[in-house]
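Undergrad: Quick one: sequence plus predicted model below, questions after.
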Amino acid sequence: MDRDKSFTLWTDLVNTRYLHNGHEVDDLQTMDRAQEWLQRHFPDMLPVLATDDAVFSEHWLGRLRELRDICLDVASTVHDPVSLGTVLDRWNQWMQNLHLTAYIIKDHDQLHEIITGVGRSEQILWRISHSLAETLRHYPLERIRQCEHDECIRYFVDTSRGGHRRWCDMATCGNRQKVARYRAKR
Ligand SMILES: [Zn+2]
């Protein structure tokens, strides 16, 4: 996985909740809708999710939503070390239920991290959780920010050199904000 992508996986999960015409939309509300998101981010792994098994997929989706809550909690409490401790407890507890084992192998001078666990469906959960851990390892907490646009609740990791990024997406929110300011000035 390339480096920048590993920092956006978890924000992409958090951003499955967003505002559309002022109303909150949740792309993970049902498994049908979650499938579209999963198709975009884990096309290779989608077949392993036994989506015709309603009990399994409902349970799995619940764990994905719980991870989203945890990611959101981390993102919104990064400036508050006291509640961050509580969030980390919750995160660790969630991770314990993954029952995954990770180890490193050497293959033709290349090192690979091998993850084994109960099923590949759990690896999806782990990869998202891991992307949050990687972000926290590489960037100071204040680089995790919520978009400054009034009608946007999305989060992003500011990986820019200067660290002055303000919007989740320059092409959408950044532009909308600039146009709004320009209109307000006239
Ligand atoms: Zn935005």
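TA: Looks like it arrived, so ask away.
Undergrad: For the rest of this, base every contact and every neighbour count on C-alpha atoms.
TA: OK.
Undergrad: got the residue ranges for the helices in this structure?
TA: 3-14, 31-41, 54-77, 81-96, 120-138, 175-185 (DSSP state H).
Undergrad: and this structure, which of its residues are near the ion?
TA: Residues of the chain lying near the ion by CA under 5 Å from the ion: Cys147, Cys152, Cys168, Cys173.
Undergrad: Now do the same contact list for the last one.
TA: It stands for Cys173. His149, Cys152, Trp167 (CA atoms under 8 Å, 6 or more residues apart in numbering).
Undergrad: which residues does the first one contact?
TA: Under the criterion of CA under 8 Å, 6+ apart, the contact list for His149 reads Trp167, Cys173, Gly174, Gln177.
Undergrad: at 7 Å instead, please
TA: By CA atoms under 7 Å, 6 or more residues apart in numbering, His149 lies in contact with Trp167, Cys173, Gln177.
Undergrad: Same check on the last one?
TA: When contacts are counted by CA under 7 Å, 6+ apart, Trp167 touches Cys147, Glu148, His149, Cys173, Gly174.
Undergrad: So for the helix or strand bottoming out on mean pLDDT in the chain, what gets flagged as buried?
TA: Ranked by mean pLDDT, DSSP states H and E, the helix or strand of the chain with the weakest confidence is helix 175-185, at a mean of 76. For helix 175-185, the buried set under the neighbour-count rule, 16 or more other CA atoms under 10 Å, comprises Gln177.
Undergrad: Check stretch 106-120 too.
TA: For stretch 106-120, by 16+ other CA under 10 Å, it's Arg120.
Undergrad: and it, how far apart are its ends?
TA: Length of stretch 106-120, first residue to last, CA to CA, to the nearest Å: 22 Å.
Undergrad: Give me the residues contacting it.
TA: Against stretch 106-120 from outside (CA under 7 Å, 6+ apart): Val48, His99, Leu100, Thr101, Ala102, Tyr103, Ile104, Ile105.
Undergrad: With adjacent residues omitted, what lies nearest to the fourth one?
TA: When you say that, I think you mean Thr101. Thr116 (5.2 Å; CA to CA, 6 or more residues apart in numbering).
Undergrad: What ranges in this structure fall below the confidence cut-off?
TA: Within the chain, the ranges that satisfy pLDDT under 70 run 1-5, 47-51, 118.
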